[in-house]
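Visitor: Dropping the sequence and predicted coords here.
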Amino acid sequence: MCYGWTSPPLAVKLRVVDPFSNGPCACVPSFGKHEVNMSSGTIKKVVADRGFGFIAAADEKEYFFHRSGLDASLDFDRLMGGEKVEFDVQSSPKGPRATNVRAS
């Protein structure tokens, strides 16, 4: 029995997103671009008491790395300098830095 009140019709909008498309997706928030490139080089300097160091890359640039950016194949506490490594270059607010640093 209806007493003069009717509920509004429910409207449902579905958005179909193709996960394989190359275009931007409006439904996923973008937090900025994080470009990652793979490089190789040599550990140049390690500042053990501060937990970071620098890598002299094959592209003649120097990259900062933090101990948290090392792969399990490297032990920060045993780095002396001169070790050959491969790493990913990631942009950061302070400039490019080496991440995912691993022994080569």
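Guide: Yes, it's here.
Visitor: what's the average pLDDT for the top strand by length along the chain?
Guide: In terms of residue count, the longest strand belonging to the chain (DSSP state E) is strand 36-47. Averaged over strand 36-47, pLDDT sits at 89.
Visitor: Distance of Ser104 relative to Val47?
Guide: To Val47, Ser104 is 22 Å away according to CB to CB, to the nearest Å. The C-beta positions use only the backbone N, C-alpha and C, and glycine is treated the same way.
Visitor: buried set for stretch 82-101?
Guide: Neighbour counts over stretch 82-101 (16 or more other CB atoms under 10 Å) mark Glu83, Val85, Glu86, Phe87, Asp88, Val89, Gln90, Pro96, Arg97, Ala98, Thr99, Val101 as buried.
Visitor: Any idea what the closest residue to Glu83 other than its chain neighbours is bridged to?
Guide: Closest residue to Glu83 apart from its sequence neighbours, by CB to CB, 6 or more residues apart in numbering: Ile43 at 4.5 Å. As for beta bridges, Ile43 partners with Ile55 under DSSP bridges.
Visitor: can you pull the contacts of Ile43?
Guide: Listed by CB atoms under 8 Å, 6 or more residues apart in numbering, the contact partners of Ile43 are Gly53, Phe54, Ile55, Leu79, Met80, Gly81, Gly82, Glu83, Val85.
Visitor: Name all residues that make contact with the fourth one.
Guide: The reference is to Leu79. Neighbouring residues of Leu79 by CB under 8 Å, 6+ apart: Ile43, Val46, Ala48, Gly53.
Visitor: which residues are in contact with the helix or strand hosting Asp88?
Guide: Using DSSP states H and E, the secondary-structure element containing Asp88 is strand 84-90. Here strand 84-90 makes contact (CB under 8 Å, 6+ apart) with 34-43, 55, 63, 65, 69, 74, 96-104.
Visitor: Please pull up the helix or strand immediately following it.
Guide: Assigned by DSSP H and E, the successor of strand 84-90 is strand 97-103.
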